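Give me a model of this one.
(one chain, ligands or ions: 1)
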Amino acid sequence: MIEYRNLRVAILGAGSVGAQVASLLLEHGDELASRVGAGLELVGVAVRDPKAKRTTDIPKHLITTDARTLILGADIVIELMGGLEPAREYIELAMNSGADVITANKALLATHGPELFAIAEQVGAQLYYEAAVGGAIPIIRPLRDSLAGDRVHRILGIVNGTTNYILDRMDTEGDSLEEALAAATELGYAEADPTADIGGYDAAQKATILASLAFHTAVPLESVYREGIEKITHAQVLAARNAGYVVKLLAVCERMVDAETGVEGVSARVHPALVPLAHPLAAVHGANNAVFLEAEAAGSLMFYGAGAGGVQTASAVLGDVVSAARRHVIGGPGVAESTQANLPILPISSVTTRYQITLEVVDRPGVLAAIATMFSEHGVSVEAVQQSVRPEPVQDGGAPTATLVIGTHEATESALAATVASLDANESVAEVTSVLRVEGIQMPELVR
Ligand code: NAP
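Numbering: from 1, shown residues only. Next up, the predicted model:
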């Protein structure tokens with residue numbers, strides 16, 4: 001057997017993930033070499049501060065602040081710095097100098113993915129990113145390889161562990177959003193500035209990556225509709241549970257036909273949603289992630305596990321390292337990004353789903369019928385109504401009000417938005433307190 005030379009591996013970043021990747025590479029080098037058919041030699045780890053304390057013991061001689069020189073001497077570059085720059089510049093430099101690249105950087109891929117994939121294709125480099133979505137969970141490779149012969153119709157993903165932890169605590173411990181966020185911060189699940197998680201920005205970046213891969217279409221980040229969990233209250237979570245649902249922040253990626261125009265396209269959106277308690281996603285607790293996927297031939301599949309964590313994420317990174325290294329040994333082109341379907345991106349107004357609307361209405365005869373008429377005037381069919389009368393008026397001297405919780409059949413976002421606008425403008429409606437989408441009730445009609 002021909003002995004293949006050692007492959008030189010460089011890591012950019014030695015934080016939560018990078019330090020673990022470095023240690024695992026050093027610890028399991030022999031085992032990985034036997035899987036690859038060549039040795040994997042860690043030639044350096046680039047950092048900003050060489051004196052900073054690391055979570056694992058990385059030999060001092062491997063630490064460098066000269067990322068460029070390190071990149072130019074490597075066969076495989078693992079980017080684990082995060083952020084847009086200089087990560088983008090370093091990845092380009094690596095590919096242009098003949099190295100393959102592995103990254104966990106969802107923000108970078110969601111923003112500059114198409115141009116980086118174009119460079120990879122042009123120079124024949126591989127660009128792998130299993131760890132960019134769902135941490136340890138294998139989801140990128142299943143979408144790119146295992147399901148390449150199938151047609152994916154829909155993805156419902158819990159892809160942000162921080163918000164899942166917060167919503168789960170609000171459900172199981174009775175916490176307010178603020179209390180649950182404080183607990184998440186104390187446990188290290190939430191950043192000092194939690195906006196990226198709470199506002200759904202992190203989940204939107206992952207939705208872009210998943211939708212692009214699943215539908216063989218470049219889905220830009222700007223096209224992803226986004227709502228965070230900032231306005232979710234404990235009362236909503238409690239009402240959801242009483243009605244047989246749990247509130248989850250979902251990334252929903254769909255291949256669908258616009259009901260009005262008949263155009264077939266794709267849509268990606270991130271928002272809090274009511275998920276039936278019997279749905280497998282309802283059982284995803286704590287900071288875990290899960291991706292529930294519906295494909296034409298495969299049917300329903302669910303991928304579940306740790307969505308973050310240094311060592312867990314390092315597992316996905318090392319899987320990519322082994323794949324990239326094997327190609328070095330075997331030869332042949334890298335995996336090109338598949339965007340040949342190039343389907344139109346449909347706006348949120350085209351989406352069809354179910355809704356649950358909670359209203360505070362003036363408690364007098366005829367109001368319920370008037371409200372039902374407003375729904376039907378906009379083509380939104382009401383499935384169920386629950387009513388509870390407040391013992392006290394909302395304000396001193398105000399008329400007594402009742403709370404209505406209205407569940408709808410499937411309706412378009414535009415029809416629902418028009419209904420909510422009419423409700424808001426109606427004098428019998430004191431307030432539309434909540435509008436939540438309901439997901440995961442039934443398989444959508446498959447596009448064939
Ligand atoms: P982190 O703990 O903040 O570590 C970042 C590392 O990059 C640090 O070692 C830092 O060096 C180094 N660095 C930053 N800018 C640099 C520069 N200009 N030149 C050289 N080194 C630089 O980050 P992380 O949590 O490990 O995340 C890394 C990547 O993995 C991110 O893209 C993140 O989104 C992704 N990811 C993370 C997780 C997770 O659980 N943490 C899960 C999935 C994906 P110093 O230490 O010297 O400052």
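
Quick check on the nearest residue to Phe215 once chain neighbours are set aside: phi, psi?
Across the structure, with C-beta to C-beta, 6 or more residues apart in numbering as the measure, the residue nearest Phe215 apart from its sequence neighbours is Val266 (4.5 Å). To be clear about C-beta, it is placed using only N, CA and C from the backbone, and glycine gets the same treatment. Reported as degrees, to the nearest 10, the phi and psi values for Val266 are phi -130, psi 150.

next one: Gln312
The phi and psi values for Gln312, taken as degrees, to the nearest 10, are phi -60, psi -50.

thinking again about what came up before, quick one, what contacts the residue nearest to Phe215?
Residues touching Val266, when contacts are defined by C-beta atoms under 8 Å, 6 or more residues apart in numbering, comprise Ala211, Phe215, Thr217, Val219, Cys253, Glu254, Arg255, Met256, Leu343, Pro344, Ile345, Leu346.

Can I get the residues you listed in TSV including pLDDT?
Below are those laid out as TSV (pLDDT from 0 to 100):
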residue	pLDDT
Ala211	98
Phe215	97
Thr217	97
Val219	97
Cys253	98
Glu254	97
Arg255	97
Met256	95
Leu343	96
Pro344	97
Ile345	97
Leu346	96
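
Separate out the buried members of those.
Neighbour counting by 16 or more other C-beta atoms under 10 Å classes Ala211, Phe215, Thr217, Val219, Cys253, Glu254, Arg255, Met256, Leu343, Ile345, Leu346 among the contacts of Val266 as buried.

can you tell me how far the residue nearest to Phe215 sits from the ligand?
Distance check for Val266 against the ligand: by C-beta to the nearest ligand atom, to the nearest Å, it reads 24 Å.

swap in Phe215?
For Phe215, the distance to the ligand (C-beta to the nearest ligand atom) stands at 23 Å.

And for Ala99?
In this structure, Ala99 lies at 16 Å from the ligand, with C-beta to the nearest ligand atom as the measure.

Was I right to think that residue contacts Gly124?
No - counting by C-beta atoms under 8 Å, Gly124 is not a contact partner of Ala99; they are 11.4 Å apart.

Now do the contacts for the residue in the chain positioned nearest to the ligand.
Across the chain, the shortest distance to the ligand (C-beta to the nearest ligand atom) belongs to Gly15, at 1.8 Å. For Gly15, the contact set (C-beta under 8 Å, 6+ apart) comprises Leu80, Met81, Gly82, Gly310.

Extract the C-alpha set from stretch 63-79 and format it as PDB.
Taking C-alpha atoms only, stretch 63-79 is exported to PDB below (Å, rounded to 0.1, in the frame of the first residue of the first chain):
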ATOM      1  CA  ILE A  63      -0.100  28.800  19.200                       C
ATOM      2  CA  THR A  64       0.500  31.600  16.800                       C
ATOM      3  CA  THR A  65      -0.900  35.100  16.000                       C
ATOM      4  CA  ASP A  66       0.300  34.800  12.400                       C
ATOM      5  CA  ALA A  67      -2.800  33.300  10.800                       C
ATOM      6  CA  ARG A  68      -1.700  34.100   7.200                       C
ATOM      7  CA  THR A  69       1.600  32.200   7.300                       C
ATOM      8  CA  LEU A  70      -0.200  29.300   9.000                       C
ATOM      9  CA  ILE A  71      -2.900  29.200   6.300                       C
ATOM     10  CA  LEU A  72      -0.300  29.200   3.500                       C
ATOM     11  CA  GLY A  73       1.400  26.100   4.900                       C
ATOM     12  CA  ALA A  74      -1.800  24.000   5.400                       C
ATOM     13  CA  ASP A  75      -3.700  21.400   3.400                       C
ATOM     14  CA  ILE A  76      -6.800  21.700   5.600                       C
ATOM     15  CA  VAL A  77      -7.800  25.000   7.300                       C
ATOM     16  CA  ILE A  78     -10.500  24.900  10.100                       C
ATOM     17  CA  GLU A  79     -12.000  28.300  10.700                       C
END
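
buried sites along it?
Going by 16+ other C-beta under 10 Å, stretch 63-79 has these buried residues: Ile63, Ala67, Leu70, Ile71, Ala74, Asp75, Ile76, Val77, Ile78, Glu79.

Could you list the contact residues of the protein toward the ligand?
On the criterion C-beta under 6 Å from any ligand atom, the ligand has as its neighbours in the chain the residues 12-18, 46-49, 52, 67, 80-82, 86, 104-106, 131, 135, 308-310, 313.

what's the following helix or strand after the helix or strand where Leu116 lies?
Take DSSP states H and E as the rule and Leu116 turns out to sit in helix 106-123. Downstream of helix 106-123, the next assigned helix or strand under DSSP H and E is strand 127-128.

Just checking: what are the partner strands of that following strand?
For strand 127-128, the paired strands and their directions (DSSP bridges) read strand 100-103 (parallel).

Other residues contacting the strand it pairs with?
Outside of strand 100-103, the residues within contact range by C-beta under 8 Å, 6+ apart are 75-80, 87, 91, 94-95, 109, 120, 125-129, 131-132, 317, 320-321, 324, 327-328, 334.

any idea of the mean pLDDT in the helix or strand harbouring Met170?
Using DSSP H and E, Met170 falls within helix 161-172. Taken as a whole, helix 161-172 carries a mean pLDDT of 98.

re the thing from before, the helix holding Leu116: how far from the chain's middle?
Relative to the chain's own centre, helix 106-123 is displaced by 18 Å; criterion: C-alpha atoms, centre = their mean, to the nearest Å.

Check stretch 79-98 too.
The offset between the C-alpha centroid of stretch 79-98 and the centroid of the whole chain comes to 23 Å, using C-alpha atoms, centre = their mean.

ok, now stretch 258-278?
Average the C-alpha atoms of stretch 258-278, do the same for its chain, and the two points are 15 Å apart (C-alpha atoms, centre = their mean).

Check stretch 146-165 too.
Centre to centre, stretch against its chain (C-alpha atoms, centre = their mean), the figure for stretch 146-165 is 7 Å.

Give me the buried positions along it.
In stretch 146-165, the ones that count as buried by 16+ other C-beta under 10 Å are 147, 151-165.

Need the three-state assignment for the closest residue to Val133 other than its chain neighbours.
Taking C-beta to C-beta, 6+ apart as the measure, Val133 lies nearest to Lys206, with 4.6 Å between them; neighbours along the chain are not counted. Going by DSSP: H, G, I helix; E, B strand; the rest coil, the secondary structure assigned to Lys206 is helix.

what's the answer for the one 4 residues further on, then?
Secondary structure, three-state DSSP: Leu210 is helix.

Now do the buried residues in the helix or strand of the chain with the lowest mean pLDDT.
Confidence across the helices and strands of the chain bottoms out at strand 382-389, with a mean of 86, counting by mean pLDDT, DSSP states H and E. If you call a residue buried by 16+ other C-beta under 10 Å, then strand 382-389 has these buried ones: Val382.
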